[in-house]
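Engineer: Quick one: sequence plus predicted model below, questions after.
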Amino acid sequence: MSKRKFSISLFFLVLSIGTVGLDFDKKAECATPPEKEPVKKSLLKPIAAAKAALHPVNAARAAKEKITNTLKPDEPAVVVRDKWALLVGLEAFNDDTIRPVKNAQNNASLLSQFLASPDLGKFGQSRVVIVTNNKATRNNVAKALGDTWLLKNALPNDLIILYFCTRAQRKADGSDLLLYMFDTPASQPELGSIELKATLANLQKRTQSKQILCLLDLAPLNKQKNADDADEPAEPTTPDDATKITLQQIAQETGTTILSSTMINGKSYPSSTKPCSAFIEQLLEGLATSGGQVEFDQVAQYVQKMVTDKVALDFRKQQVPIFATSDAGAQMLKTVVGIPVKSSTPKKIVNIGHPVDTTGKPSATQQTKISSISRSVSNTSTKPKQEEKEDDDSYDGATFSNVDFGAYMDKMKKDIQAKWKPPKGFKEQKIVTVFSIKKDGTIANASIADGSGVETVDQSALEALQAASPLDPLPTGSPPYVQMRYVFEWKVTKN
């Protein structure tokens, strides 16, 4: 006898609903980050140690070798379903009173090449989006971060990486960090910038991912356009005042992980050998160690040590990267950025931002594509249709734990099951789908998360979802939409 089996998972905002029985998933208990191992005392004799101190190049090389040797790949401790990266680099601004940022586009390009590499980063090419210079407007970046791309696709257990290389300053009240976009006016930065804390908080609530990593390579806002080599902070790089938000506070309050090239309002120095920042140079070296199979907390420790030493050696200046973690996002510490996932060999090409060639600069053909892509993103209407207006309301931080989804889930299961035409034969099949349900019951953005390997079987699952739409409206008090993971399973028994 053949049986059809369906299992469902419901993810939305701050709720995680497991199976049809409406059991709420508990947040995983994550171990606190391990303390660094104490540095072993030098075995050199006093005279040899004194000689080594006179040769900073040799000392730096020895330190690098020591740290590299500690980066040993372990079995991945964290499961990653899929991986997404949005990289933003601005070395020029529409307001010419805002000074350019050296190597910003190169930084984003080099990082994108690493992440999209099938041998190292193992992100699918369609999972890496890079937006630079005049394409990095506030509207374009907000759309890529929102329902146009990232929030539309990312799910719990996904790794999400954001990279920002631009100028930044705190809000006037010190409650957030403003990241400048191409169209940010220097006179009214709060009108045209991206707020870091608010962005990370919304992303974590909407995706429920415990593996959100924000990489920051920021330059302070200068009030004067001086020579290129005079890029000093607009305010002293003293420890943050108690009244001003810190990167550690942002990470803790948003449940994310932040690795920054330096403290807020500090300077990020360039590499002395490559056309990028010292931060990106050492980050890529750390990520590439052992073929990219190193847990991120080890990579962060490597970056902190190497950037500090390199800047001190090359510029006689101080730059100490900040590694800010959170209790809710502790899972990121044990995440291997280069872990392979199904999308590592994608068929679909990204349609937001633009790809880069091996030189790190867009080709003439790519420049044409960039313009058309930018127009398509910019021309997308920001006004929802009248009947969908309620679905597009911004998330206001409300929780929905009092909404009873039990009866709704049972009915939804029966409605979808009635529309599925199972495959013929006696071979067991399993298809995992993801989709959203709007408040009116409409099924939207249905896709295959894990296929059966048989195209006709996978298509039958999508056709069942299409035929079942619209479902009943969501229960009263529900959020604007809920995100679903639905498993079609065909099992065969000999009875």
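Structural biologist: Yep, that arrived. Numbers count the residues shown, from 1 in each chain.
Engineer: Please, which helix or strand holds Leu259?
Structural biologist: Using DSSP states H and E, Leu259 sits within strand 257-260.
Engineer: quick one: the helices in this protein?
Structural biologist: 46-53, 56-70, 104-116, 138-145, 150-153, 189-192, 196-207, 247-254, 278-288, 296-315, 364-378, 406-419, 455-468 (DSSP state H).
Engineer: pLDDT below threshold where in the stretch 151-300 of the chain?
Structural biologist: Within the stretch 151-300 of the chain, the stretches with pLDDT under 70 are 222-242.
Engineer: cutoff 80 now
Structural biologist: In the prediction, the stretch 151-300 of the chain carries residues with pLDDT under 80 at positions 222-243, 290-291.
Engineer: Show me the chain divided up by domain.
Structural biologist: Split into domains by automatic domain parsing, the chain comes to 2-24+402-492, 56-378.
Engineer: Just say which of those is most tucked in.
Structural biologist: Mean neighbour count (mean count of other C-beta atoms under 10 Å) peaks for domain 56-378 among the domains of the chain, with a mean of 19. For the C-beta atoms, the positions are set from N, CA and C on the backbone; glycine is no exception.
Engineer: From Leu145, how far out is Lys411?
Structural biologist: 34 Å (C-beta to C-beta, to the nearest Å).
Engineer: In contact with Glu285, which residues?
Structural biologist: Tyr302, Met306 (C-beta atoms under 8 Å, 6 or more residues apart in numbering).
Engineer: residue contacts, the closest residue to Ile416 other than its chain neighbours?
Structural biologist: Among residues not flanking Ile416 along the chain, Ala468 sits closest, at 4.6 Å (C-beta to C-beta, 6 or more residues apart in numbering). Residues near Ala468 by C-beta under 8 Å, 6+ apart: Asp415, Ile416, Ala418, Lys419, Ile443.
Engineer: for these, which one is nearest Ser117?
Structural biologist: Ser117 has its nearest neighbour among the contacts of Ala468 in Ile443, at 35.6 Å by C-beta to C-beta.
Engineer: Quick one: the helices of the chain as CSV, columns for distance to Val129 too.
Structural biologist: What follows is the helices of the chain, written out as CSV (distance: least, C-beta to C-beta, whole Å):
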stretch, distance to Val129
helix 46-53, 46
helix 56-70, 31
helix 104-116, 8
helix 138-145, 6
helix 150-153, 8
helix 189-192, 20
helix 196-207, 14
helix 247-254, 21
helix 278-288, 17
helix 296-315, 21
helix 364-378, 10
helix 406-419, 32
helix 455-468, 25
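Engineer: Which one of those helices has the poorest average confidence?
Structural biologist: The weakest mean pLDDT among those belongs to helix 364-378, with a mean of 33.
Engineer: Can you pull out the low-pLDDT segments for the stretch 1-150 of the chain?
Structural biologist: 1-78.
Engineer: out of everything not next to it in sequence, what's closest to Ser447?
Structural biologist: Val434 (5.9 Å).
Engineer: before we move on, back to that, let's have the contacts of Ala468 in a markdown table, adding distance to Gly124.
Structural biologist: Formatted as a markdown table, the contacts of Ala468 follow (distance: C-beta to C-beta, whole Å):
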| residue | distance to Gly124 |
| --- | --- |
| Asp415 | 33 |
| Ile416 | 28 |
| Ala418 | 34 |
| Lys419 | 30 |
| Ile443 | 25 |
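Engineer: Going by distance to Leu200, which of the residues you listed wins?
Structural biologist: Ile443 (29.4 Å).
Engineer: Just the local confidence number for the closest one, please.
Structural biologist: Reading off the confidence values, Ile443 has pLDDT 91.
Engineer: That one against Glu463, yeah?
Structural biologist: No. The criterion here is C-beta atoms under 8 Å, and Ile443 misses it with Glu463 at 11.7 Å.
Engineer: Now do Lys430 against Ser452, distance only.
Structural biologist: Plainly put, Lys430 is 6 Å away from Ser452 if you go by C-beta to C-beta.
Engineer: Indicate which one of the helices of the chain is closest to Pro479.
Structural biologist: helix 196-207 (9.7 Å).
Engineer: Now do that closest one against helix 138-145, angle only.
Structural biologist: Helix 196-207 and helix 138-145 are oriented at 30 degrees to each other (axes from the mean of the first three to the mean of the last three C-alpha atoms, to 10 degrees).
Engineer: list the helices and strands helix 196-207 packs on?
Structural biologist: helix 150-153, strand 159-165, strand 177-180, strand 212-216, helix 247-254 (3 or more C-beta pairs under 8 Å, 6 or more residues apart in numbering; DSSP states H and E).
Engineer: could these go into JSON lines alongside distance to Asp458?
Structural biologist: Listed next are the helices and strands packed on helix 196-207 as JSON lines, based on distance: least, C-beta to C-beta, whole Å:
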{"stretch": "helix 150-153", "distance to Asp458": "18"}
{"stretch": "strand 159-165", "distance to Asp458": "24"}
{"stretch": "strand 177-180", "distance to Asp458": "40"}
{"stretch": "strand 212-216", "distance to Asp458": "30"}
{"stretch": "helix 247-254", "distance to Asp458": "36"}
